[in-house]
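Enquirer: pasting the structure only:
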């Protein structure tokens, strides 16, 4: 019989409503369709409603830059700058000028401290035609984006993720790595270093360079960081798996497994032995005709395999509604694990999260989110989708980049 948690089971499992991270002030400038926006907020959940294209997701995207990387849309930084040009000639002219670069600032309230986090496109770099994002913590510029993970864990769901179990492996890997970030801040740096080393090795191969010393230096780095990446993924899945497998009311349990060569090797060999084996595979591939990165083992070939715990079928074979429920179940389980181990769950950004959910699932979702204690941002086209949150949330209506508090829904 499949285990199921009800609303009454939440507190004994370590997810009482203690204070988690909350944005108390949000300032956005020159960000997509927002020229200047300032929101003063309480700790309650935030619900953003409005027609499609009004700018709901833009605000969620702005908040996603409180984590390393390129945000939930993975957009080029220059494409985020607010541009009001109506034709291509004007756009070209504006691009050449030193127009305003986008910026996001938040007053963040944590359990034991308050801080100001600012991030945005670097104006000096933009003036030279390059893209660079800077991060400031309490006014001091950080050396890298990864420092954000020392202060805040973020988790998000977007409509594009509804196809997570149907699209290619890269989407699931990025999803998995974001889950790891919440527990291992160094994971982001390792992924970045691994990706760079793989690209450099590929570039050397294509250039015809035959200097073994160059290759060996890169291949040592690839093996070292690659095994560490896979080990971190395995460790998280091993801890998250038992929690995710238990159904949360109407949300089915998700059986999580990792598939990949390095994953299999680590199941039977010590990490140092796997590093040596990986290096040998890299050398063998380099000296053969099959040199492309996709042809060699590594974390770039990992897959997150998800199954429905009740029906015992792959997530890819489930209905659209079931896939959405599985995705939400994983995110909720991840938040619960984070709360158990760190004392608070991630700040959560849930874009159009109520799509494909009936009223029972919606109400149960809201109850579980409230029990986690951290601030949650949700979007939807209709305020009526969030009726059961009427007295428990802050409602804002968005129209053409204008935001006003909704007191009368």
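Expert: Received it, and whenever you're ready, just let me know what you need. Just so you know, these numbers come straight off a predicted model, no measurement behind them.

Enquirer: Now do the buried residues in stretch 217-237.
Expert: Using 16 or more other Cβ atoms under 10 Å as the test for burial, stretch 217-237 gives 218-219, 221-234, 236-237. No exception for glycine: its C-beta is placed from N, CA and C like everyone else's.

Enquirer: go on, stretch 169-179?
Expert: Residues of stretch 169-179 classed as buried by neighbour count (16+ other Cβ under 10 Å): 171-173, 175-179.

Enquirer: repeat for stretch 199-209
Expert: 200-201, 204.

Enquirer: Skipping adjacent residues, who's closest to the residue nearest the centre of the chain in space?
Expert: With distances taken as Cα atoms, centre = their mean, residue 178 lies nearest the centre of the chain, 4.6 Å away. Distances taken as Cβ to Cβ, 6 or more residues apart in numbering place residue 155 nearest to residue 178, at 7.3 Å, with adjacent residues excluded.

Enquirer: that's a helix at that neighbour, yeah?
Expert: No. Judged by DSSP: H, G, I helix; E, B strand; the rest coil, residue 155 forms no part of a helix; its state is strand.

Enquirer: Would you mind measuring from it to residue 184?
Expert: Distance from residue 155 to residue 184, counting by Cβ to Cβ, to the nearest Å: 15 Å.

Enquirer: Also residue 231?
Expert: Relative to residue 184, and taking Cβ to Cβ, residue 231 is found at 10 Å.

Enquirer: now do residue 319
Expert: Taken as Cβ to Cβ, the span from residue 319 to residue 184 is 34 Å.

Enquirer: neighbour-wise, which of the two wins?
Expert: More crowded of residue 319 and residue 184, by other Cβ atoms under 10 Å: residue 184, with 17 against 10.

Enquirer: The longest helix seen in the chain - what's its average pLDDT?
Expert: Under DSSP state H, the helix in the chain containing the largest number of residues is helix 212-244. Helix 212-244 comes out with an average pLDDT of 97.

Enquirer: what about the helices in the stretch 151-300 of the chain?
Expert: 169-181, 186-207, 212-244, 261-268, 271-286 (DSSP state H, counting those that start in this stretch).

Enquirer: Can you tell me the strand partners of the helix or strand that the last one is followed by and which way each runs?
Expert: Going back to what we said before, that points to helix 271-286. Next along the chain after helix 271-286, taking DSSP states H and E as the criterion, comes strand 303-308. Here strand 303-308 has these sheet partners by DSSP bridges: strand 254-259 (antiparallel), strand 313-314 (antiparallel).

Enquirer: coming back round to it: nearest to residue 394 among the buried residues of stretch 199-209?
Expert: Among those, residue 200 lies closest to residue 394 (Cβ to Cβ), at 47.5 Å.

Enquirer: Next, find the distance separating residue 239 from residue 67.
Expert: 21 Å.

Enquirer: So for those two, which sits in the more crowded spot?
Expert: Between residue 239 and residue 67, counted using other Cβ under 10 Å, the more crowded position is residue 67 (25 against 14).

Enquirer: tell me which residues form a beta bridge with residue 397?
Expert: Residues in a beta bridge with residue 397, per DSSP bridges, are residue 49, residue 404.

Enquirer: OK, contacts around it?
Expert: Residues near residue 397 by Cβ atoms under 8 Å, 6 or more residues apart in numbering: 49-50, 383, 403-406.

Enquirer: in terms of contact, does residue 43 touch residue 23 like I think?
Expert: No. Assessed by Cβ atoms under 8 Å, residue 43 is found out of contact with residue 23, at 9.2 Å.

Enquirer: Overlap of the contact sets of the two?
Expert: Applying Cβ under 8 Å, 6+ apart, one finds that residue 43 and residue 23 are jointly contacted by 109, 375.
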